[in-house]
Structures are given as C-alpha cells and as structure tokens.
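> A predicted structure for the sequence below; I have some questions about it.
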Amino acid sequence: MTEAPPVRDLLGADVPKNWGKWGPDDELGSLNYLDAAAVLRGVQHIKQGDVHTLQVQMGHPHGDPVWPGRSGIDRSNVMDESNWDGADAPAFPGGLHYADDKATLFLQGSTQYDALGHVWYDGQIWNGYDCRSTVGALSKASVLPIAEKGVVGRGVLIDMARHRGKDWLDKGETFDHNDLEAAAKAQGVTIEKRDILLIRTGFMKYWYSTSQADFYDGFCEPGLTYSRALVDWFNEREIPNLVTDTIANEVTYEPETGIALPLHCALMRNLGIALTEICWLEKLADACAGDGQYSFLYAAAPLKVVGGSGAPVNPIVIR
C-alpha cells in the first residue's frame with residue numbers, strides 16, 4: 001500500500017464542523033439533539049414490548065472481537081467453593097459461602113461507546129480542545145459525559161447484509177448514504193431527522209462463524225466509506241449516534257487513498273456524532289425482518305469511567 005495522504009487533505013479545508021454549536025465547553029456533541037422530545041418520539045415506536053440487548057458476550061469461548069492489538073476480557077475467580085476446601089477456610093456467621101471475581105479488560109474491548117475525544121488530527125479533538133488534554137486521561141470529551149447523559153431516542157435499523165442477500169458483507173465491502181436510503185426504502189422505513197442509526201453488516205456473525213486467523217487475515221472491515229456528500233447527509237439529518245456490528249463503524253481503510261478510519265475524524269471529531277461499535281444485531285435484525293418493524297426505542301448508557309476514551313455498554317432496543 002502506498003503512503004496515505006493526511007486525513008485533512010481528504011476531508012478538505014471547508015470541512016463541516018459543529019464546534020461551538022452547543023457552546024465552548026460542550027462534550028456531548030450531536031447527542032445534544034436527543035432532548036425530551038426525541039425520547040418521547042422513540043417511545044412512540046414501542047409496539048409490542050419486544051426487548052433486545054445488543055452487547056456481545058464478554059469472555060466468550062470463541063474469543064472477544066477486538067481491534068487488532070487489543071485483547072478480550074481476562075476474567076478470573078478470586079473466591080469460589082474451592083476456598084472452603086482447606087482448614088483455613090474463611091468463616092462467616094451463618095456459614096455462607098460466595099464467589100467473587102475480577103477482570104482486566106480494554107475499555108473498548110467489547111460493545112462500547114467511543115468518547116468524542118477518542119480520535120483526532122491536527123492537534124485538536126472534538127470542539128477544538130487541545131489534544132494534549134488526552135495525556136494521562138481525557139480531561140475533555142471523555143466517555144463520562146455520554147455516560148452521565150445516557151442515549152435515548154428513536155432508533156432505526158438498516159440491514160445492509162440482508163438487503164444485499166448475504167449473511168455478512170465481505171471484507172472491505174463498502175456502502176454509502178445512498179445505499180442506506182435504498183435499503184431503508186426496501187425495508188419500508190424512513191431514516192428521519194435525529195434518528196439513532198443502527199447498521200447491520202453481519203460481521204459479528206462472521207466473527208463467530210470463522211476462526212480468528214481467518215477473521216483477522218487481511219483485516220479490513222466492511223462499512224461506510226467517506227465522501228463529502230455522506231458527511232453532509234449525516235450533518236443535515238442531525239444523526240446523533242451511529243451504531244454498527246463492526247469493530248470500527250466504517251470500512252477500515254478508505255479505498256481510494258488507504259486512509260484509516262476517516263469517518264472517525266469527519267463524523268466524530270468534527271460533527272460530534274457518537275460512535276457505538278461491536279454490537280450484536282442478529283436477533284434484532286431477524287425480529288425486524290419478521291414483522292417489518294425497523295424503528296424502535298433505543299437506550300444505552302456506557303459505564304461511567306472518569307477520563308475514559310471509551311467504555312463498555314449493553315444497549316437496549318424495545319420494539
């Protein structure tokens with residue numbers, strides 16, 4: 001692969017930005033669109049009380065899907081029945097025994113929210129904060145403000161894999177906003193202003209269906225590909241949150257230039273759109289296809305990690 005140009009060259013000098021739109025101290029970005037009216041709009045799409053949780057299992061025997069270089073959760077017991085096998089067993093009034101465990105994990109090593117300050121270029125993160133504010137911990141635009149607010153609104157699922165007649169999209173397979181609109185039309189749903197946008201590629205199903213060696217060989221996930229028109233589409237529709245079943249929400253390398261993850265820069269860093277990754281969308285997609293209801297209430301709140309660049313989450317969809 002030839003050396004990729006700077007991401008600023010791809011995005012352009014007149015790149016759309018929401019910096020300052022919600023004030024100089026904002027750390028929520030486009031999640032500010034999710035006000036009380038947005039919550040109530042989402043509630044109106046609960047039709048049968050059908051509940052789906054979207055987190056992948058942590059510590060699955062197959063392994064945890066993570067970005068290359070990260071590792072899945074390392075969980076171990078601290079206390080269990082074996083601690084009562086010896087003569088020096090702990091004793092509690094009444095004779096209770098218990099289990100306890102601990103875990104070491106990447107905060108972005110499971111289904112998770114990126115902090116708005118997670119990715120940047122040219123020395124500035126979301127809202128123009130200095131990238132030095134990330135040193136040691138994110139003192140600006142960490143995951144904590146997202147966790148404190150919570151994310152609730154009307155969600156809509158676009159099932160790109162089913163739309164293209166596949167169990168999962170191929171490595172490096174791309175789509176854009178025009179494809180999203182076409183799939184929505186085929187599903188009988190409209191992507192409305194301020195919708196939380198969920199996109200199924202089937203890539204998590206692929207993870208559990210193949211070996212880790214095959215999954216990571218030539219690693220390039222399917223997903224949205226950059227164009228200025230796509231960025232304008234997200235901006236005009238005031239999309240607050242992009243949710244996908246891939247590790248990084250977009251095609252890993254922009255096909256024309258080889259730039260890695262330009263939409264992290266264009267959508268998250270510049271527009272303040274929250275990114276939610278590694279979601280399990282299979283059961284939800286089957287339910288939506290079964291009855292034709294692709295809109296619902298979406299609710300999520302990542303863990304309240306002070307200074308975190310991301311945090312695990314188990315989003316809930318109620319249809």
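Now that the structure is in, tell me what you want to look at. Numbers count the residues shown, from 1 in each chain.

> Any idea what the residue nearest the centre of the chain is bridged to?
For the chain, the residue sitting closest to the mean C-alpha position, by CA atoms, centre = their mean, is T276 at 1.3 Å. Note on T276: beta-bridge partners Y113, V243, judged by DSSP bridges.

> starting at the chain centroid, how far to the helix or strand G153 falls within?
In the assignment (DSSP states H and E), G153 maps to strand 151-159. Using CA atoms, centre = their mean, to the nearest Å, the mean C-alpha position of strand 151-159 is found 12 Å from that of the whole chain.

> Now do the strands in this protein.
In the chain, the strands defined using DSSP state E lie at 51-53, 74-79, 100-104, 112-114, 151-159, 174-175, 196-200, 223-224, 241-244, 274-277, 295-300, 310-312, 316-318.

> Can you name every helix or strand that the strand holding G153 contacts?
For strand 151-159, the elements it packs on are helix 36-43, helix 177-187, strand 196-200, strand 241-244, helix 282-291, strand 295-300, judged by 3 or more CB pairs under 8 Å, 6 or more residues apart in numbering; DSSP states H and E. C-beta coordinates here come from the backbone N, C-alpha and C atoms, glycine included.

> Helix 282-291 and the last one, what's the angle between them?
I take that to be strand 295-300. 160 degrees (axes from the mean of the first three to the mean of the last three CA atoms, to 10 degrees).

> Could you do the second one as well?
Compare the direction of helix 177-187 with that of helix 282-291 by the same axes, to 10 degrees and you get 50 degrees.

> Give me the residues contacting helix 177-187.
Contact with helix 177-187 is made by 156, 158-160, 163, 190-191, 197, 199, 229-230, 233-234, 288, 292, 294, as judged by CB atoms under 8 Å, 6 or more residues apart in numbering.

> for the first one, same thing?
Helix 36-43 is contacted by residues V152, G153, R154, G155, R194, P240, F296, L297, Y298, A299 when judged by CB under 8 Å, 6+ apart.

> Go through those and name the one nearest D14.
Nearest to D14 among the contacts of helix 36-43: P240, at 23.2 Å, using CB to CB.

> Tell me, how many residues neighbour the closest one?
As a burial measure, the neighbour count of P240 was computed by other CB atoms under 10 Å and equals 24.

> G69 now?
Other residues near G69 come to 6 when the count uses other CB under 10 Å.

> in stretch 233-248, what counts as buried?
Neighbour-count burial for stretch 233-248, counted by 16 or more other CB atoms under 10 Å, picks out 233-235, 237-248.

> ditto for stretch 302-309
Neighbour-count burial for stretch 302-309, counted by 16+ other CB under 10 Å, picks out P302, L303, V305, G308, S309.

> Surely the second one and N314 touch.
No. Using CB atoms under 8 Å, L303 is not in contact with N314, being 9.8 Å away.

> From R194, how far out is the closest residue to W22 other than its chain neighbours?
For W22, the nearest residue in space outside its immediate sequence neighbours is N32; the separation is 4.9 Å by CB to CB, 6 or more residues apart in numbering. Taking CB to CB, to the nearest Å as the measure, N32 falls 10 Å from R194.
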